[in-house]
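# Coordinates only, no sequence provided:
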């Protein structure tokens, strides 16, 4: 599949739900969607287009926690990022770990450090933070204050 075909396939299948498509260059594309569309789009990118989930990254912004799902298309030398935002103070989104196991640990990590709850995650245990770390305190949130342990 060539690099333009992956993007055009996503546009053809999900065009009505795509909030924005930004083509930085031939190898770097950003697609913005609503959080409810993340599982279907990620499943399509992985199972139908053969994209590999490289990583999920996230950051705290004024308008919510931004999640970026980075899919690599190795033969085509392209990275397509699917972006969404979840609202604070209790951000949540459906897990994609049942679609691709590679999302399991990174979703747990994002929960630990930013407090994003991944609904229906098969193993929501802490991954990075100590067991005695206080509930509701997330070290990569802008409003983070060091807890007294």
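In hand now; what should we look at? Remember, predicted model here, so these are calculated numbers, not experimental data.
# can you count the residues close to residue 22?
Around residue 22 there are 11 other residues, counting by other C-beta atoms under 10 Å. (Each C-beta comes from the backbone N, C-alpha and C, glycine too.)
# now the one 4 residues further on
Residues within reach of residue 26, counting by other C-beta under 10 Å, total 12.
# What are the phi and psi values at it?
The phi/psi pair for residue 26 (degrees, to the nearest 10) reads phi -60, psi -30.
# Residue 91: neighbour count?
Neighbours of residue 91 under the rule other C-beta under 10 Å: 23.
# That one: what's it in contact with?
Residue 91 makes contacts with 64-65, 114-117, as judged by C-beta atoms under 8 Å, 6 or more residues apart in numbering.
# switch to 6 Å and redo it
If you count contacts by C-beta atoms under 6 Å, 6 or more residues apart in numbering, residue 91 has them with 65, 116.
# After the helix or strand bottoming out on mean pLDDT in the chain, which helix or strand is next?
Ranked by mean pLDDT, DSSP states H and E, the weakest helix or strand in the chain is helix 3-14, scoring a mean of 87. Next along the chain after helix 3-14, taking DSSP states H and E as the criterion, comes strand 18-25.
# What strands line up against that next one, and which way round?
On the basis of DSSP bridges, the sheet neighbours of strand 18-25 come out as strand 28-33 (antiparallel).
# Run the angle between the strand it pairs with and helix 3-14 for me.
In terms of direction (axes from the mean of the first three to the mean of the last three C-alpha atoms, to 10 degrees), strand 28-33 departs from helix 3-14 by 10 degrees.
# Which positions within strand 28-33 qualify as buried?
With burial defined by 16 or more other C-beta atoms under 10 Å, the residues of strand 28-33 counted as buried are 29-33.
# Residues contacting the helix or strand just after it, please?
Once the chain leaves strand 28-33, the next helix or strand it forms, by DSSP H and E, is helix 38-43. Contact with helix 38-43 is made by 14, 33, 69, 82, 84, 94, 96, 99, as judged by C-beta under 6 Å, 6+ apart.
# Which parts of this structure are strands?
Residue ranges of the strands in the chain, as given by DSSP state E, are 18-25, 28-33, 52-61, 64-73, 78-86, 92-94, 117-119.
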